[in-house]
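Novice: I'd like to go over a predicted model; first the sequence, then the structure.
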There are 2 protein chains.
Amino acid sequence: MTHPSNSNIDIVKSNTSKIENVDFDNLTFGRTFTDHMFVCDFIDGKWQQPKIMPYQAMTFEPSARVFHYGQAVFEGMKAFKDDAGKVWLFRPEENHKRINISSARLAMPEFPKDYFLDGLEALLKLDKDWIKPGVGNSLYLRPFVIATEPAISASPANMYRFMIICSPAKAYYSGKVRVLFAEKYSRSADGGVGFAKAAGNYAAQFYPTSLAQEKGYQQIIWTDASTHEFLEEAGTMNIFFRINDTLVTAPISDRILDGITRKSIIQLAEDNNVPVEVRRVPVSEIKEAARNGSLKEIFGAGTAAVISPISAFEHGNEVFELPEMENAYATMFKKELLNIQHNLSDDKHGWRREVK
Amino acid sequence: MTHPSNSNIDIVKSNTSKIENVDFDNLTFGRTFTDHMFVCDFIDGKWQQPKIMPYQAMTFEPSARVFHYGQAVFEGMKAFKDDAGKVWLFRPEENHKRINISSARLAMPEFPKDYFLDGLEALLKLDKDWIKPGVGNSLYLRPFVIATEPAISASPANMYRFMIICSPAKAYYSGKVRVLFAEKYSRSADGGVGFAKAAGNYAAQFYPTSLAQEKGYQQIIWTDASTHEFLEEAGTMNIFFRINDTLVTAPISDRILDGITRKSIIQLAEDNNVPVEVRRVPVSEIKEAARNGSLKEIFGAGTAAVISPISAFEHGNEVFELPEMENAYATMFKKELLNIQHNLSDDKHGWRREVK
């Protein structure tokens, strides 16, 4: 069945739904996808007719540039359902802005805001049964853009595909996270693409992360590539440090992603009169604070994990265990964020957007 | 028609050939592909049955990790035909070693040497009519590996596809190349993946290169990300400087690709009693050498372009035009390399490998 939506999206509905086969209590992150997907191709210098179609495998030429030169950017966002059955997005305009910032850095075309937001809403209306109510449940949304042009010369493509796929999610990390501070490997260079959600940034972290995992650490907190003396981000999360009652986090830069959860937490901290310092964070300061007991918490912040408390870190072959905190900032901010996202509290900054 | 080859490759031959439709005198690099391709999947912890099949588009899940996290590496190599119709590869074991070095850095499985070499040879036997004799003609070979597992969690995939596709080629660059020395943007970080032929390294260069092109420069010579004071490589080529009669090039590092053309030129220089210095190359030294006339040549070296003479560079808003050289090293080394590759001269280092 094909018909134009309000925003002129061609929609072909799936004849059947896979939802009956899904065990929503036992979801592995990122492996189950909903019944539909959004697709829009960039050809001849412009974005073509946007489409929603049944979720399916697609054909690509072996010479598609994404396979060879990594022109690929993505976003991570979530939809939530409140107890009345209303569906909500969280700051979706920020994701739209950021995917275009990422695209521009990789010489890829920007995607129109109305296509982005209307595409999300049309898709969520079709697949709304996949969003389960209850705090902790969400539908993870993955907009991404890839270079499809079949040509292996090392230059920007002339053909791209923008897609949105959706995957039901529970909490991303289970248990507390132990991290290694990077001393040898690096995530990004000054003047590089670390601020972009560029596909290649992630593959580059897998091997060093696997070495950390062999030592019993789930994640790496990356340091600056030049000196390894300043803490930056965790690759899939920004990082916050609580020193006494002050929240400290690194400033965004061309190496560090401008995280939406990060900036929301900074705002919530201000709302709660929690002092925040956005500044360079020396490894030496954090180690000294751990030694003298002023380091109360470290936590990661990102869309998938929301907030991940960190229980220990290693640097220079020294392991630092963090105390169990009552009234942890991580717990407080996570609760506040989830309450806003699930329409359980006031939304004084206008972060929620209802999908009608 | 399916039958096992000597190395147990399943071969399905194309019923027809596209070769009659190809204008070999007017080839655009990387847009025309031969009749067959080599495919081998990594599933359940091991490389499966290698196959050769008609060149064709393939289906991928939208959640295939290559689209999201950039697990993708490649090689560039060439096959040549001599005047007697014999087909030759140039140092193919080096490409095999390097693709595995790239894969390891991206937490991808290494590919077996016999599959790599036997796959190349079986493919070239099928598509040998696509290799035209004559210096300057070649068949560009593109082995690559991509993560195919359909799951968008940010971790290494469990499923990969290794492929080889082939594209007939003439010379890669036409005319002399003008370059910009990087002052703001960077290609790679210490502790990063610059030494790997990782797909994401290329996408990251496209935007800064497009800015250079707007200023009239075809390429950027990248400098170290920390200080921008040392010249490194050009992204698709290593870079050589001739100062008086000495050849100078940067050492390989975790930021700089270990180029096969680069190391072949270093060997040819030694064979020709040309002094070679492999050391850091300060921007300031090259500018001073350009000013005092001791900088005789700059040239890039890579598989696609072989050797690209550079006619001018810009740094700090200053443009330096290089002299036209008689007896240029670029010309000499290019001729020597091409003669070895095309079986027109002795091969005292055993670089040629006949495809029988």
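Specialist: Thanks, I have it.

Novice: just the helices in the stretch 51-200 of chain A please.
Specialist: A:65-69, A:92-105, A:113-126, A:199-214 (DSSP state H, counting those that start in this stretch).

Novice: identify whichever of the ones you listed lies nearest to chain B.
Specialist: Of all the helices of the stretch 51-200 of chain A, helix A:199-214 sits nearest to chain B, with 1.5 Å by Cβ to the nearest Cβ. The way it works is simple: take the backbone N, C-alpha and C, and place the C-beta from them, glycine included.

Novice: now the element after the closest one, going C-ward?
Specialist: Downstream of helix A:199-214, the next assigned helix or strand under DSSP states H and E is strand A:219-221.

Novice: not counting that next one itself, show me its contacts.
Specialist: A:177-182, A:185, A:205, A:208-209, A:212, A:231-237, A:239, A:300, A:313 (Cβ atoms under 8 Å, 6 or more residues apart in numbering or on different chains).

Novice: surely A:Leu338 meets A:Ser138?
Specialist: No: counting by Cβ atoms under 8 Å, A:Leu338 does not reach A:Ser138; the two are 9.3 Å apart.

Novice: end-to-end on stretch A:128-148?
Specialist: Stretch A:128-148 has an end-to-end distance of 30 Å (Cα to Cα, to the nearest Å).

Novice: break chain A into its domains for me.
Specialist: Taking automatic domain parsing as the criterion, chain A consists of the domains A:2-169, A:177-341.

Novice: those: which one's closest to B:Gln267?
Specialist: domain A:2-169 (25.7 Å; Cβ to Cβ).

Novice: next one: the closest one to chain centre, how far?
Specialist: Relative to its parent chain, domain A:2-169 has a centroid offset of 14 Å by Cα atoms, centre = their mean, to the nearest Å.

Novice: same check, this time on stretch A:243-253
Specialist: 20 Å.

Novice: first vs last residue of it, how far apart are they?
Specialist: For stretch A:243-253, the end-to-end distance is 22 Å (Cα to Cα).

Novice: for that stretch, which positions count as buried?
Specialist: Neighbour counts over stretch A:243-253 (16 or more other Cβ atoms under 10 Å in any protein chain shown) mark A:243, A:247-250, A:252-253 as buried.

Novice: interface residues of the stretch 201-350 of chain A facing chain B?
Specialist: A:201-204, A:206-207, A:209-210, A:225-226, A:228, A:235-236, A:304 (Cβ under 8 Å from any Cβ of the partner chain).

Novice: PyMOL command for the buried members of those residues?
Specialist: Of these, the buried ones can be selected in PyMOL as follows, counting by 16+ other Cβ under 10 Å:
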select buried, chain A and resi 201+202+203+204+206+207+209+225+226+228+235+236+304
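
Novice: widest-spaced pair of the residues of the stretch 201-350 of chain A next to chain B?
Specialist: Farthest pair in these, by Cβ to Cβ: A:Ser226 and A:Ala304, 28.9 Å.

Novice: low-confidence stretches in chain A?
Specialist: Applying pLDDT under 70 to chain A flags the ranges A:1-7, A:171-174.

Novice: apply 80 and report the result again.
Specialist: Along chain A, the parts satisfying pLDDT under 80 run over A:1-7, A:171-176.

Novice: surely A:Lys125 touches A:Val355?
Specialist: Yes: assessed by Cβ under 8 Å, A:Lys125 is found in contact with A:Val355 at 6.7 Å.

Novice: shared neighbours, the two?
Specialist: When contacts are counted by Cβ under 8 Å, 6+ apart, A:Lys125 and A:Val355 are jointly contacted by A:Val87.

Novice: these two - which one has more neighbours?
Specialist: A:Val355 (20 against 15; other Cβ atoms under 10 Å in any protein chain shown).

Novice: what values do phi and psi take at the residue of the stretch 251-356 of chain A found nearest chain B?
Specialist: Nearest to chain B, among the residues of the stretch 251-356 of chain A, is A:Ala304, at 7.9 Å (Cβ to the nearest Cβ). A:Ala304 adopts backbone torsions of phi -60, psi -50, taken as degrees, to the nearest 10.

Novice: with the one 4 residues further on instead?
Specialist: According to degrees, to the nearest 10, the main-chain angles of A:Ser308 amount to phi -120, psi 110.

Novice: returning to what we had before: please flag which of the contacts of strand A:219-221 sit within strands.
Specialist: A:177-181, A:231, A:239, A:300, A:313 (DSSP state E).

Novice: how close does the residue most central in space within chain A sit to A:Gly302?
Specialist: What sits nearest the mean C-alpha location of chain A, by Cα atoms, centre = their mean, is A:Gly76, with 3.9 Å. Distance, A:Gly76 to A:Gly302, using Cβ to Cβ, to the nearest Å: 7 Å.

Novice: and what of A:Gly200?
Specialist: For A:Gly200, the distance to A:Gly302 - Cβ to Cβ - is 18 Å.

Novice: so which of these two has more stuff around it?
Specialist: It is A:Gly200, of A:Gly200 and A:Gly302, that has more neighbours when counted by other Cβ under 10 Å, with 27 against 24.

Novice: give the contact list for the more buried one.
Specialist: Residues near A:Gly200 by Cβ under 8 Å, 6+ apart: A:70, A:72, A:193, B:70, B:193, B:198-201, B:203-204.

Novice: apply 7 Å and report the result again.
Specialist: Applying Cβ atoms under 7 Å, 6 or more residues apart in numbering or on different chains to A:Gly200 gives the contacts A:70, B:70, B:198-201, B:203-204.
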